[in-house]
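1. I'd like to go over a predicted model; first the sequence, then the structure.
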Amino acid sequence: PRAAPYVLSRFNGRISTIFTGAVGGTGDFHAIRVNKTVFPYTLTLMDSDAATGPSESSPKRAKDGTLYICDLSGTVHRYKYSGGTLTHLAALSLGHEVKGAIALYDADPQNAGEEVLVATTDGHFFVLDHTLSFVIWSNSYGVGPLGSDNYYAGVTVAERGTMSPVALLPIAGNAAGTYAANSGKVRAIDLQLQSVAWELTPSNTTPGQHLIEGSVAVLFDQSRYG
């Protein structure tokens, strides 16, 4: 696997379960138990499921315990894990390659489940319902042959208090693997207005000459808010 796994720890951290995809072979989605009550630690493959193809996406776990992962083909998968068994609940194909991690965000706490946010390699952005039954909304930004914007990294959600939350998307190169006009920028998509809120250029970065293939992190500004 190239992406970070999701680790679920129980019994004061003595037993952990690693959930991960894989980029090699047929991919598959794996559940691996780590027993830390013995030394050296023991790892046991609890279950694998072949519905998920090769993946570079980090799995995410929702509040209800279900797990989500997206494979390189752009198909998002939903799983339940119980009693050492993975159960494939649903899948939704987006028809666009996905190299970055997905994100979960609860846009409407009054409705069950969290929305699934996915950014594709060719510049599309999707918001899916938690059951993977339909696309709530989608948009594309800078999609085209030469100069198109690519999202290689994962989606990061920034909550802004009373303001609308935004999805932060670092921009890499274009479909030809070269630099694009917006490569190196970070784009923010307003999750309520469903439109681009703003773009910024990180320090020491020149758009079109640099690219960002990794995710961004959000830190709380204590100097501003106390």
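-> Ah, there it is.
2. what bits of this protein have low per-residue confidence?
-> For the chain, the stretches with pLDDT under 70 are 141-148, 174-179, 221-226.
3. Please confirm that residue 187 is located within a helix.
-> No. According to DSSP: H, G, I helix; E, B strand; the rest coil, residue 187 belongs to no helix; its state is strand.
4. My guess is it contacts residue 156. True?
-> No. Under the criterion of Cβ atoms under 8 Å, residue 187 is not in contact with residue 156, lying 11.3 Å apart. To be clear about C-beta, it is placed using only N, CA and C from the backbone, and glycine gets the same treatment.
5. so what sits against both of these two?
-> residue 168 (Cβ atoms under 8 Å, 6 or more residues apart in numbering).
6. If you count surrounding residues, which of the two has more?
-> residue 187 (23 against 20; other Cβ atoms under 10 Å).
7. ok, the more buried one - contacts?
-> Taking Cβ under 8 Å, 6+ apart as the test, what residue 187 contacts is 141, 149, 168, 169, 170, 171, 196, 198, 199.
8. If it is in a bridge, with which residues?
-> Following DSSP bridges, residue 187 is listed with bridge partners residue 169, residue 199.
9. Where do the helices of this protein begin and end?
-> Per DSSP state H, the chain carries helices over the ranges 222-225.
10. Nearest to the spatial middle of it, which residue is it?
-> residue 102 (1.6 Å; Cα atoms, centre = their mean).
11. for it, what are its contacts?
-> Neighbouring residues of residue 102 by Cβ under 8 Å, 6+ apart: 57, 58, 60, 68, 69, 70, 76, 116, 117, 118, 154, 155.
12. Considering those residues, which possesses the most neighbours?
-> residue 70 (35 neighbours).
13. I'd like the distance between that one and residue 59.
-> 9 Å (Cβ to Cβ, to the nearest Å).
14. How about residue 155?
-> 14 Å.
15. Likewise for residue 214?
-> In terms of Cβ to Cβ, residue 214 sits 18 Å off from residue 59.
16. Which one of the two is surrounded by more residues?
-> Taking neighbours as other Cβ under 10 Å, residue 214 and residue 59 compare with residue 59 leading, 27 against 11.
17. Restrict stretch 131-139 to CA atoms and write it as PDB.
-> Provided in PDB are the C-alpha atoms of stretch 131-139 (Å, rounded to 0.1, in the frame of the first residue of the first chain):
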ATOM      1  CA  THR A 131     -25.000   4.700   1.300                       C
ATOM      2  CA  LEU A 132     -23.200   5.300  -2.100                       C
ATOM      3  CA  SER A 133     -26.600   5.300  -3.800                       C
ATOM      4  CA  PHE A 134     -26.100   8.500  -5.700                       C
ATOM      5  CA  VAL A 135     -24.000  11.600  -6.400                       C
ATOM      6  CA  ILE A 136     -25.300  14.500  -4.300                       C
ATOM      7  CA  TRP A 137     -23.400  17.000  -6.500                       C
ATOM      8  CA  SER A 138     -20.300  17.300  -8.600                       C
ATOM      9  CA  ASN A 139     -18.300  19.800 -10.500                       C
END
